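> model this:
(chains A and B)
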Amino acid sequence: KQEVTQIPAALSVPEGENLVLNCSFTDSAIYNLQWFRQDPGKGLTSLLLIQSSQREQTSGRLNASLDKSSGRSTLYIAASQPGDSATYLCAVLPSGGGADGLTFGKGTHLIIQP
Amino acid sequence: DGGITQSPKYLFRKEGQNVTLSCEQNLNHDAMYWYRQDPGQGLRLIYYSQIVNDFQKGDIAEGYSVSREKKESFPLTVTSAQKNPTAFYLCASSISRPSQIGSPLHFGNGTRLTVT
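Here you go, the predicted model:
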C-alpha cells in the first residue's frame, strides 16, 4: 500500500530565506504528484502538479521536483514571506489500481517569521 | 466566480443521528470526491464519483453514503454506523479522473462536523 511521508513535520524560518520541503513515497508506480497548501480551517489549494514523466514544475517562487525512481519530491520556496505560512501537503496518485484518489502525506506546518 | 461550495461550515449533531453534508460545484467538473481529515493524519478518501449516477468507495467508506444525481452536487451522509464521525470533511472536484489527464484537484473550504 502506498505511503507518503513528509519531513519535517514543522518548520520555522526567518523571512527571506529559501527553504525546501521534502516528500517521499513508497511505491514509484504513480501517475502524478501534487503539492497543496492549506491555511488553518480551510480547504486545500493546488500549487503544483508534476506528471510521472516530468522532472519538475515551477510557479512563481515555487519549484517542485520529482524523482520517481527514488520515490522523492521536493518543494523549493524562494525568498520566503510571512504569507507563505501554512501547511503544505504532498499527494500522489497511484497507478497500481484501486480507488482513483490521491494518497496524502500528513503535511509540513511552515511558519515564516517576519 | 467558479468554485466548490461546502455547507455548512460547522455542524453539530447528537450521536445516533444521520447528517448530510452539502457539496456543490460550478466548475463543470465530471469527477467529485469526499475526503476526511483528522488531526495528525493525512486526508483519507471516503467516496468518489467519476460521472453522474456513478460513485465508488474509497479507503474508509464504512458508515458513509453518497449520491450523484446531478453533475454539480455530491452530498455526503454520515450515518449513525460511523463510529468516529467527528472530523473535518473536504469535498473536491477535478475535470475528469485524475489518472486520465493529470487534472489537479480543487477543494472546497470544508465542513467541521462535531458529534456528541
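> Can you name the residues of chain B that neighbour chain A?
Neighbours of chain A within chain B, by C-beta under 8 Å from any C-beta of the partner chain: B:4, B:6, B:31, B:33, B:35, B:40-45, B:48, B:50, B:56-59, B:90, B:92, B:97-99, B:102, B:104-110, B:112. Bear in mind the C-beta positions are built from the backbone N, C-alpha and C, glycine included.
> Kindly give a single ChimeraX line that selects the buried subset of those.
Of the residues of chain B next to chain A, the buried ones go into a single ChimeraX selection, burial set by 16 or more other C-beta atoms under 10 Å in any protein chain shown:
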select /B:4,6,31,33,35,42,43,44,45,48,50,58,59,90,92,97,98,102,104,105,106,107,108,109,110
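> Skipping adjacent residues, who's closest to the residue lying farthest from the centre of chain A in space?
Within chain A, A:Pro114 marks the point farthest from the mean C-alpha position, 23.1 Å out by C-alpha atoms, centre = their mean. Nearest residue to A:Pro114, sequence neighbours excluded (C-beta to C-beta, 6 or more residues apart in numbering or on different chains): A:Pro82, at 4.9 Å.
> where's that neighbour relative to chain B, distance?
Taking C-beta to the nearest C-beta, to the nearest Å as the criterion, A:Pro82 is separated from chain B by 22 Å.
> Thought A:Gly16 was touching that residue, still the case?
No - using C-beta atoms under 8 Å as the test, A:Pro82 is too far from A:Gly16 to be in contact (10.3 Å).
> ok, the most centrally placed residue in chain B - contacts?
For chain B, the residue nearest the mean C-alpha position is B:Trp34 (2.6 Å; C-alpha atoms, centre = their mean). Remark: with contacts taken as C-beta atoms under 8 Å, 6 or more residues apart in numbering or on different chains, B:Trp34 is in contact with B:23, B:45-48, B:58, B:64, B:66, B:74, B:76, B:89-92.
> One more pass at 10 Å, please.
Going by C-beta atoms under 10 Å, 6 or more residues apart in numbering or on different chains, B:Trp34 touches A:101, B:6, B:21, B:23, B:44-49, B:55, B:58, B:60-61, B:64, B:66, B:74-76, B:89-92.
> mind checking which helix or strand it is in?
Assigned by DSSP states H and E, B:Trp34 falls within strand B:31-37.
> Name the next helix or strand downstream of that strand, please.
strand B:44-51.
> List the strands paired with that next one, with their directions.
strand B:31-37 (antiparallel), strand B:54-57 (antiparallel) (DSSP bridges).
> Could you dump those into JSON lines and include mean pLDDT?
Formatted as JSON lines, the strands paired with strand B:44-51 follow (pLDDT from 0 to 100):
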{"stretch": "strand B:31-37", "mean pLDDT": "95"}
{"stretch": "strand B:54-57", "mean pLDDT": "93"}
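> Kind regards, and thank you for your time.
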